[in-house]
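Engineer: give me a 3D structure for the following:
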Amino acid sequence: MQRTDIQVRFNDVDQMGHVNNAVIMEYFDLGKEVFFAERGLPPEEGDFTGMIVHYDVDFKRQIHFRDRIHVTTETERLGTKSVTVLQRVVDSNNGDICAECHTVLAGYRRSTGTSAAIPDDIRQRLSE
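Structural biologist: A predicted model of the protein is given here:
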């Protein structure tokens, strides 16, 4: 499991006084970026990548400006051509889950513009 600390910025907070749900999706994206880069799979490099094809998000608790939070990211399911990533925005002070996201990424080859099976070496890195 990868942990990514998040700094809540003033402009992340909307008129309701909490972090906007669209911003929480940016936190998930940052968590995925760190998760893949730590496994030697930076999203912007290489011929093989994962293309997001589905999100499933539950917003469980509000996040406010001064809250200390982090995102956890882990492989939930590894298929032949896709990987499902489980992420949670967590209150760093008490461990409460603020939001949870299941993201399905399909294997994709940039050189051909087509879907592709996940190569064995990448499967290994995603399993760690």
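
Engineer: now the residue nearest the centre of the chain: how far from residue 75?
Structural biologist: In the chain, the centroid-proximal residue (CA atoms, centre = their mean) is residue 32; its distance is 3.4 Å. Distance of residue 32 to residue 75, given as CB to CB, to the nearest Å: 11 Å. In this view, the C-beta of every residue, glycine as well, is placed from N, C-alpha and C.

Engineer: now do the shared contacts for the two.
Structural biologist: Shared contacts of residue 32 and residue 75, defined by CB atoms under 8 Å, 6 or more residues apart in numbering, comprise residue 85.

Engineer: which parts of stretch 112-128 are buried?
Structural biologist: Buried residues in stretch 112-128, counted by 16 or more other CB atoms under 10 Å: 116, 118, 122-123, 125-126.

Engineer: how far does it sit from its chain's centre?
Structural biologist: 17 Å (CA atoms, centre = their mean, to the nearest Å).

Engineer: same check on stretch 111-123?
Structural biologist: For stretch 111-123 - counting by CA atoms, centre = their mean - the centre lies 19 Å from the chain centre.

Engineer: what's the answer for stretch 101-112, then?
Structural biologist: 13 Å.

Engineer: residues in contact with residue 18?
Structural biologist: Residue 18 touches 62-64, counting by CB under 8 Å, 6+ apart.

Engineer: just the closest of those to residue 92, please.
Structural biologist: Closest to residue 92 out of the contacts of residue 18 is residue 63 (11.1 Å), distances taken as CB to CB.

Engineer: each with direction, which strands does whatever helix or strand residue 73 lives in pair with?
Structural biologist: Per DSSP states H and E: residue 73 is located in strand 69-78. Using DSSP bridges, strand 69-78 pairs in its sheet with strand 2-6 (antiparallel), strand 82-91 (antiparallel).

Engineer: possible to save those strands as TSV with mean neighbour count and mean pLDDT?
Structural biologist: Listed next are these as TSV, based on neighbours: other CB atoms under 10 Å; pLDDT from 0 to 100:
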stretch	mean neighbour count	mean pLDDT
strand 2-6	17	97
strand 82-91	20	98
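
Engineer: please tabulate the ones you listed in a markdown table, including the columns distance to residue 49.
Structural biologist: Output for those, formatted as a markdown table (distance: least, CB to CB, whole Å):
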| stretch | distance to residue 49 |
| --- | --- |
| strand 2-6 | 18 |
| strand 82-91 | 11 |
